[in-house]
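A.B. asks: Take this sequence and fold it.
(chains A, B and C)
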Amino acid sequence: MVNISLLTDFGLEDNFVGVMKGVIAKINPQARTIDITHSIEAQNILQAGFILRSSFSYFPKGTIHLAIVDPGVGSRERKAIIVKTRNYFFVAPDNGILSLTLEKEKPVKIIEIKNTKYFLKPVSCTFHGRDIFAPVAAYLSRKIKPEAFGTKLAKLKKLDSPCASFQGNVLKGSIIHVDRFGNLITNIEKSLFDSFVGKSGFKVRFKNEALDRISTAYVNTLHGFPLAIFGSFNTLEVSINKGSACDYFKARLFDPIEIVK
Amino acid sequence: MVNISLLTDFGLEDNFVGVMKGVIAKINPQARTIDITHSIEAQNILQAGFILRSSFSYFPKGTIHLAIVDPGVGSRERKAIIVKTRNYFFVAPDNGILSLTLEKEKPVKIIEIKNTKYFLKPVSCTFHGRDIFAPVAAYLSRKIKPEAFGTKLAKLKKLDSPCASFQGNVLKGSIIHVDRFGNLITNIEKSLFDSFVGKSGFKVRFKNEALDRISTAYVNTLHGFPLAIFGSFNTLEVSINKGSACDYFKARLFDPIEIVK
Amino acid sequence: MVNISLLTDFGLEDNFVGVMKGVIAKINPQARTIDITHSIEAQNILQAGFILRSSFSYFPKGTIHLAIVDPGVGSRERKAIIVKTRNYFFVAPDNGILSLTLEKEKPVKIIEIKNTKYFLKPVSCTFHGRDIFAPVAAYLSRKIKPEAFGTKLAKLKKLDSPCASFQGNVLKGSIIHVDRFGNLITNIEKSLFDSFVGKSGFKVRFKNEALDRISTAYVNTLHGFPLAIFGSFNTLEVSINKGSACDYFKARLFDPIEIVK
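C.D. replies: You can find the predicted model right below:
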């Protein structure tokens, strides 16, 4: 059984995702699809990239990760790609959606998808998820070699993504995701935080608050009070016990956050 | 492996869909369910019919399409049906939900579901999806013949659906779906458009805009400007590059659209 | 094939559910996951408990029900448990989420999950769904005995839940769920109603309305008028034919409802 994960901004309101699964089932009845999420904000490549980076490694070795946020669909400039890494395959538009993931899992082979033999015909202008990406992932799951789908590509498009970094006694990061519970997820990974703070005291500064310790459970803080915690993505999060940090802080994506020691 | 597709207005907030999948797994552990969507507007049979028409043929031959939007649930007048076509089975209430689909895929056999042997008991007044439709689809996936479920039916209830058509130099259609991205999907199929327009010039008139060409990619138009494109359903769509045509035009379902040559 | 049902308040906007499914597929490729719902109101243990009680028995014998609404995640006080019943397994935090279910399906064995051998490492502070509950359910689906995961527990935490009951000629209940269609679902089960009312006349009193009969189909009532019906959960519901009872009555969770005879 080969698993194909799906990560898109297609939503579940329309038939986009269901039709892609139908296409996959037609080409490889043995393939199993697993949704990562389809609720990426429309055309938000960065958010998709971050979610993919936080998800891919939890899947079985050999999983084909299909990631589609594709504002350039139908244009000639936008390539379609297969990336093979040590443990996974990725099928996606070449628009930077894989950048954050490939920092953690190096590409072994990159193929530009060109072989129309593996496409659904006619190829529409607007839905390559159904006509190109889903069929390619399905054929790939039938053990067809990446090379069969096109030609080698030397370089991928890179995403300009906000990066956390420190200088002197200040570490600067930003909010890059808000989850369902209103938790504010930053791009400050635990390893960066640890190497910056060491054994010093510190303050997490966000908006008008300053937090001077890292919690290990939401409930260790009073109801309605803010806390800093290393969340499930292993990055720093700002949360509220039994509440929404997003509402509390009136926070927005890319709001800056600082650690000062 | 037999696939059962699911298309309903049940949403994913409640346990309706999950329970139907449990019922199916109990009757046929080998059946695989694939969601088309459960976000049909409550009781909107036309929208469901359109989505089913745009989806069914992407599924493997032999798929059992289970389509439930059922305002008449529990009443005696509303029949439950199995329709066999050349390539698929459809299980649904007889309320017109299959009309648009069966224009494209002719019925070979129609059975009115009556055999209570295949129902979950007691049958509730409000949830035939769980008590009748899901079990019937599951038994059908175990290769039980359609005839075993009831008696032949000569005619199905038809849906009054808006149809695009032209007279003289005007083709009239309407918006019959708005997708997640705010694209306005019309009922004007490409074949109808082509036979109407031929090699003439034309204008797509919608609200106060007049568009005189068909785009082949969203990005070929300036950001924020409207465009006409044949979308993934192979029907004419009005879209905005990097925006929502629905918001831009303050459009509503069934708004009229015209092609003038 | 073993089925693992999933019931959480994680939503489908984030990658929480997808990642849990990845973790399960990695440990047991043969396990099949079925979503009950992930739209439980954040941290609403009672709602989750009610939905689980209304769902679990529709699944195949041997199904592992994974139910996670977990405000206490990361704290020492909150235990993680496996409950074996005659027909099912339940994996959940010990916070009362199983109370309503275990009234209907008695526990045969209760195990406190302690054996870290079956956890994903490192265990995060905030996402035991991924790090503890999903892997434990997956190993359990590989027929590892409940005893391998920890030690026996004598007692579970109980949920204070509103209970319908009658005294004299009044039966008092409350709204405990509002479904997608705006139907108001009460905690008055049909058996309780029947034993209270017997052959008497009765009135269902909710807000300013008094209904004196039970309908058997939505469409048997005029459009826009309220009705009382035994719904799919086999409890009394207040509904509107072709409308939302929730909007009509401006109803809220836990609003009281009375039957008077």
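A.B. asks: Which positions in the stretch 51-200 of chain A make contact with chain B?
C.D. replies: A:71, A:72, A:73, A:74, A:75, A:124, A:125, A:126, A:127, A:130 (C-beta under 8 Å from any C-beta of the partner chain). Just so you know, the C-beta spots here come from the backbone N, C-alpha and C atoms, and that holds for glycine as well.
A.B. asks: what sits against the residue in the stretch 101-250 of chain A that chain B sits nearest to?
C.D. replies: Proximity of the stretch 101-250 of chain A to chain B (C-beta to the nearest C-beta) peaks at residue A:127, 3.3 Å away. Residue A:127 makes contact with A:16, A:73, B:231, B:232, according to C-beta atoms under 8 Å, 6 or more residues apart in numbering or on different chains.
A.B. asks: Recalculate using a threshold of 6 Å.
C.D. replies: If you count contacts by C-beta atoms under 6 Å, 6 or more residues apart in numbering or on different chains, residue A:127 has them with residue B:232.
A.B. asks: So it versus residue A:16, what's the distance?
C.D. replies: According to C-beta to C-beta, to the nearest Å, residue A:127 and residue A:16 sit 7 Å apart.
A.B. asks: Look through chain A and tell me its longest strand.
C.D. replies: Looking across chain A with DSSP state E, the single longest strand is strand A:170-178.
A.B. asks: Contacts made by that strand with the rest, please.
C.D. replies: With C-beta under 6 Å, 6+ apart, strand A:170-178 has contacts from A:50, A:162, A:164, A:184-188, A:196, A:246, A:251, A:254-260.
A.B. asks: Run me through the strand neighbours of that strand, direction for each.
C.D. replies: In the sheet, strand A:170-178 lines up against strand A:165-167 (antiparallel), strand A:184-189 (antiparallel), strand A:256-260 (antiparallel) (DSSP bridges).
A.B. asks: Would you map the helices across chain A?
C.D. replies: All helices of chain A, identified by DSSP state H, fall at A:16-27, A:45-53, A:99-102, A:128, A:134-141, A:190-197, A:245-249.
A.B. asks: what would those helices look like in JSON lines with mean pLDDT, distance to residue B:203 and mean neighbour count?
C.D. replies: Shown next, in JSON lines, are these (pLDDT from 0 to 100; distance: least, C-beta to C-beta, whole Å; neighbours: other C-beta atoms under 10 Å in any protein chain shown):
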{"stretch": "helix A:16-27", "mean pLDDT": "98", "distance to residue B:203": "30", "mean neighbour count": "24"}
{"stretch": "helix A:45-53", "mean pLDDT": "92", "distance to residue B:203": "35", "mean neighbour count": "24"}
{"stretch": "helix A:99-102", "mean pLDDT": "94", "distance to residue B:203": "43", "mean neighbour count": "21"}
{"stretch": "helix A:128", "mean pLDDT": "96", "distance to residue B:203": "29", "mean neighbour count": "24"}
{"stretch": "helix A:134-141", "mean pLDDT": "98", "distance to residue B:203": "35", "mean neighbour count": "26"}
{"stretch": "helix A:190-197", "mean pLDDT": "94", "distance to residue B:203": "57", "mean neighbour count": "15"}
{"stretch": "helix A:245-249", "mean pLDDT": "95", "distance to residue B:203": "46", "mean neighbour count": "18"}
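A.B. asks: Any idea which of those gets closest to residue A:9?
C.D. replies: Distance to residue A:9, taken as C-beta to C-beta, is lowest for helix A:45-53 among the helices of chain A, at 6.8 Å.
A.B. asks: Any chance you could list what contacts the closest one?
C.D. replies: A:7, A:40-41, A:67, A:69, A:95-97, A:99-101, A:159, A:161, A:176-177, C:15.
A.B. asks: Just the buried residues out of those residues, in PyMOL syntax.
C.D. replies: In PyMOL, selecting the buried portion of those, with burial taken from 16 or more other C-beta atoms under 10 Å in any protein chain shown, looks like this:
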select buried, (chain A and resi 7+40+67+69+95+96+97+99+100+101+159+161+176+177) or (chain C and resi 15)
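A.B. asks: Return the closest of the contacts of helix A:45-53 with respect to residue B:22.
C.D. replies: residue C:15 (24.5 Å).
A.B. asks: Near chain C, which residues of chain A are found?
C.D. replies: A:1, A:3, A:34-37, A:39, A:51, A:55, A:58-60, A:179-181, A:216-217, A:219, A:229, A:231-232 (C-beta under 6 Å from any C-beta of the partner chain).
A.B. asks: Please, a PyMOL command that selects the buried ones among these?
C.D. replies: Buried subset of the residues of chain A next to chain C, written as a PyMOL selection, criterion 16+ other C-beta under 10 Å:
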select buried, chain A and resi 3+34+35+36+37+39+51+55+58+59+60+179+180+181+217+219+229+231+232
